[in-house]
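1. give me the fold of what follows.
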Amino acid sequence: MPRRKARQTRTNPIQPATVDLHLHSTASDGSYSPAKVIELAAARGLTTVALTDHDTVDGLAEAGAAADAHGMNFINGIECDAASTKGTLHILGYFVDPHCERLTSFLADARTRRRERNRAMLEQLKVHGIDLASDGHVISLDSLGRRHVAQRLVDLGVVSHPTAAFRDYIGEGGEAYVPMPSPGAREVIDVLHHAGGVAVLAHPVTLQAMNALELETTIARFVHYGLDGIEVVHPAQSQGQRQQFLQLAQRFDLVTTGGSDFHALAWKQPRGIGFGESVTEEVVSRLEARRRNRDKRQ
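-> Reported below is the predicted structural model:
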């Protein structure tokens, strides 16, 4: 009796991530120093990473030096707040020159806005009997993030979990919520381009578009402003949402990117460094090509 051929196992075409383009450090609202973030990324076997702290480039030099020491490719990144009628609008910048005069001026203005918002938020918390302004554990107003405040509210026993801190106090609708005044998307994209970078829409799910038409219209507007890419792979986005964003990227000729949005706070730990299938060096090459093509047109 002839032997049956061994059944062939279908290989999974999805490649594991070798690149993480969305990482945060203590330069903004992360829990680890820039060097430690790179060390963690190296331990996961990543080949290329970008540090993308909120409205600051302060951690790039340290992270870049650490990446060199680990033999990794490093991309100067940033994540900028932008004004939105609802939800959250963040724009990631890659390959930016941290010494660009226009960028440094832009970020100085952002620090002023953040300092004023943080002061107002702490004052609102004090009105509700929570005085963090004199708490030695709270860092300076310049780099204080709401995640820091949320964790401190847990540490003090005010709430049982950081999500409760956002729900009850510092998130939209909370008793101490203070909106962050931000520049428009057009200005952010223009500044990132002026600094030699490319602009990518971060976690589009947070735009809270009511329907597909609203999302498409919004992204079309950003494309008109010069948007280069869209973050398709992100822990907060379902497979169905990723497919929707992928289709929009193809329609508008945008580079598709992804990353873990790593902060390393305990309640965000499932978002480990290196999250996301198919985020590979090819993504970086497409971003670099986008930048080169724009430079040629200028």
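2. what's the neighbour count on the nearest residue to V233 once chain neighbours are set aside?
-> Leaving aside its sequence neighbours, V233 sits nearest to G258 (Cβ to Cβ, 6 or more residues apart in numbering; 2.6 Å). Quick note: C-beta positions are derived from backbone N, CA and C, even for glycine. Counted with other Cβ atoms under 10 Å, the neighbours of G258 add up to 27.
3. same question, H22
-> By other Cβ under 10 Å, neighbour count at H22 equals 30.
4. oh, and call the first residue 366 from now on, that's how I've got it
-> Noted, 366 is the first residue going forward, which turns the last one into H387.
5. correct me if wrong: it contacts A415.
-> Yes: applying Cβ atoms under 8 Å, one finds H387 in contact with A415, separated by 7.2 Å.
6. now do the shared contacts for these two.
-> G624 (Cβ atoms under 8 Å, 6 or more residues apart in numbering).
7. what about the nearest residue to R586 once chain neighbours are set aside, how many residues close to it?
-> Nearest residue to R586 in three dimensions, chain neighbours excluded: A550, at 7.6 Å (Cβ to Cβ, 6+ apart). Using other Cβ under 10 Å, A550 has 22 neighbouring residues.
8. against V588, how distant is A550?
-> According to Cβ to Cβ, to the nearest Å, A550 and V588 sit 11 Å apart.
9. swap in R656?
-> In terms of Cβ to Cβ, R656 sits 16 Å off from V588.
10. tell me the mean pLDDT for the host helix or strand of F471?
-> If you go by DSSP states H and E, F471 is part of helix 466-492. Across helix 466-492, the average pLDDT comes to 92.
11. quick check: next helix or strand after it?
-> Following helix 466-492 toward the C-terminus (DSSP H and E): helix 511-520.
12. report the inter-axis angle for that next one versus helix 466-492.
-> 30 degrees (axes from the mean of the first three to the mean of the last three Cα atoms, to 10 degrees).
13. which helices and strands does the lowest-mean-pLDDT helix or strand in the chain pack with?
-> Lowest by mean pLDDT, DSSP states H and E among the helices and strands of the chain is helix 511-520, with a mean of 85. Identification of packing neighbours for helix 511-520 by 3 or more Cβ pairs under 8 Å, 6 or more residues apart in numbering; DSSP states H and E yields helix 466-492, helix 527-530.
14. packed most tightly, which of these would that be?
-> Each of the helices and strands packed on helix 511-520 was assessed for mean neighbour count using mean count of other Cβ atoms under 10 Å. The highest is helix 527-530, with a mean of 18.
15. got a list of contacts for it?
-> 512, 514-516, 518-519, 523-524, 536, 630, 632.
16. if we go to 6 Å?
-> If you take Cβ atoms under 6 Å, 6 or more residues apart in numbering as the criterion, helix 527-530 is touched by 515-516, 518-519, 524, 632.
17. next: stretch 612-626.
-> Applying Cβ under 6 Å, 6+ apart, the contact partners of stretch 612-626 are 385-387, 565, 584, 588, 593-598, 636, 638, 640-641, 644, 648, 651-652, 655.
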